[in-house]
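**Student:** Need the 3D shape of this:
(chains A and B)
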Amino acid sequence: MSQNQTVNEYQFKIASRILERLREAIKPDYLGLVSTDGHSITALSTPGFTDTDAVASLAASSYAATRQLARLVSDSDLTMMFNEGDELNVHIAQVTDKMLLVVCFQHLADMGRVRLLTNRALGALVDAMSRYEVSSGNRSNGAFAESADEAVEMLIAEDEEVSDGPD
Amino acid sequence: MALINVAAGEINYKIVYYGCGLGGKTTSIQYVYKKVNPGIKGKLVSIATEEERTLYFDFLPLTLGKVRGLKTRFHLYTVPGQAQYNASRKLVIQGVDGIVFVADSQLNRLDDNVESYLNMWENLEDQGDSPLNLGLVLQYNKRDLTDIFPTSDLDELLNQTNAPAFETCALTGEGVFEALRNVSKQVIANTEKE
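**Tutor:** Predicted coordinates for the structure are as follows:
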């Protein structure tokens, strides 16, 4: 198995600070760091914004598919993706080999400014991720697996109170 | 590979339901969605064709809550089973921690099962993984039907790694949770090994 991907405390703190500043500047609906495997690392969103786990999964998948498409047709790599919608725009940019920055913002926002500030934040993120890329150790130990197994037994089970009807 | 966010105290695992088309992958994940404790599940997202065949993937996040201070989450995915969607399958299995291989037990699906199993192996090796190092369980699905292989035959054909195998009926849910619990424990144990 490939090695686990660890986001250490320095990376997380600096990334959170950069995202917070970007949020203040461009006021997006959603702003998140996402692993290329589709896991959400950290996200800021407006109240009521849709499921951030689903956003992370779909953004990473969409980016991966488009990157693969670019490689197929032009033998070039893709580091940024922009989707313009009727109400919402989606900007996805590669931070590292394993990490993406995803920004969803309203159509009313100044698109050029959003892209400019996002690109600046991206530069800071790239720098932070590479500079502090040190192993902070794996906090899990034998006790974690034991406790996790208990939680798996307890929670990944059929809930008898849930109806069989369609959702 | 699991994503461990030390500062946020989170650990995320990716589990993928793999197998041939119409074998029961989406039905399995839909059953989990329908029956699991509502407090631990997120939205079930499906990217499917108009005929409700999986085009890209289904996605279901499950959050176990805090285990020893770590918020533990499982992200369940399915792959599109149809042969022509191999490029999509390769993308979905990127970073996978565990696989539930859903085999269709019917006699007439033998070739499809074997082809899909070999395809899984090949795709994992292409990305530098091996089923030997991942969490892996097999679901021998559609055990409620009549023209089906005995499990011993399916073991011989598909279970090259002696992975835990479960007789399932995804429609009624029989065996589905048992398989999911087993692969979940395997991926957690694998994190410990690293």
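
**Student:** alpha carbons only for contacts and neighbour counts from here, please
**Tutor:** Noted.

**Student:** Got phi/psi on residue 127?
**Tutor:** No chain in the question, so chain A it is. With angles defined as degrees, to the nearest 10, residue A:127 sits at phi -60, psi -50.

**Student:** oops, I was thinking of chain B
**Tutor:** With angles defined as degrees, to the nearest 10, residue B:127 sits at phi -100, psi 10.

**Student:** in stretch B:54-70, what's buried?
**Tutor:** Neighbour counts over stretch B:54-70 (16 or more other CA atoms under 10 Å in any protein chain shown) mark B:54-68, B:70 as buried.

**Student:** in chain A, which spans are helices?
**Tutor:** Applying DSSP state H to chain A gives helices spanning A:9-26, A:52-74, A:111-131, A:142-155.

**Student:** Is the spatially most central residue of chain B in a helix, a strand, or coil?
**Tutor:** Compute the mean C-alpha point of chain B, and by CA atoms, centre = their mean the closest residue is residue B:17, 2.3 Å away. Of the three states, residue B:17 takes strand under DSSP: H, G, I helix; E, B strand; the rest coil.

**Student:** Quick check: bridge partners of it?
**Tutor:** In this entry, residue B:17 is beta-bridged to residue B:78, residue B:100, by DSSP bridges.

**Student:** for the nearest residue to residue B:40 once chain neighbours are set aside, what are its contacts?
**Tutor:** In space, and not counting its chain neighbours, residue B:40 is closest to residue B:63: 4.9 Å by CA to CA, 6 or more residues apart in numbering or on different chains. Going by CA atoms under 8 Å, 6 or more residues apart in numbering or on different chains, residue B:63 touches B:40, B:41, B:71, B:72, B:73, B:74.

**Student:** Strands along chain B, start to end?
**Tutor:** B:3-5, B:10-18, B:45-48, B:54-67, B:70-78, B:98-104, B:135-141, B:165-167 (DSSP state E).

**Student:** Need those strands in TSV (columns: mean pLDDT).
**Tutor:** Listed next are the strands of chain B as TSV, based on pLDDT from 0 to 100:
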stretch	mean pLDDT
strand B:3-5	90
strand B:10-18	96
strand B:45-48	93
strand B:54-67	92
strand B:70-78	95
strand B:98-104	98
strand B:135-141	98
strand B:165-167	98
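
**Student:** one step back: I'd say the residue nearest to the centre of chain B and residue B:81 touch.
**Tutor:** No: counting by CA atoms under 8 Å, residue B:17 does not reach residue B:81; the two are 9.7 Å apart.

**Student:** Among the contacts of residue B:63, the buried ones, what's the ChimeraX command?
**Tutor:** If you want just the buried ones from the contacts of residue B:63 in ChimeraX, going by 16+ other CA under 10 Å, the selection is:
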select /B:41,71,72,73,74
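
**Student:** Which two among the contacts of residue B:63 are spaced furthest apart?
**Tutor:** With distances taken as CA to CA, the most widely separated pair in the contacts of residue B:63 is B:41 and B:71, at 13.7 Å.

**Student:** check contacts around residue 41.
**Tutor:** You didn't pick a chain, so chain A it is. Applying CA under 8 Å, 6+ apart, the residues contacting residue A:41 are A:32, A:33, A:34, A:35, B:5.

**Student:** oops, chain B please
**Tutor:** Residues in contact with residue B:41 (CA under 8 Å, 6+ apart) are B:33, B:60, B:61, B:62, B:63.

**Student:** Beta-bridge partners for it, please?
**Tutor:** Assessed by DSSP bridges, residue B:41 has beta-bridge partners residue B:62.

**Student:** Equivalent analysis for residue B:74, please.
**Tutor:** Counting by DSSP bridges, residue B:74 is bridged to residue B:13, residue B:62.

**Student:** isn't it right up against residue B:59?
**Tutor:** No: applying CA under 8 Å, one finds residue B:74 not in contact with residue B:59, separated by 10.5 Å.

**Student:** looking at it, residue A:46 is touching residue A:31, isn't it?
**Tutor:** No: using CA under 8 Å, residue A:46 makes no contact with residue A:31, being 9.3 Å away.
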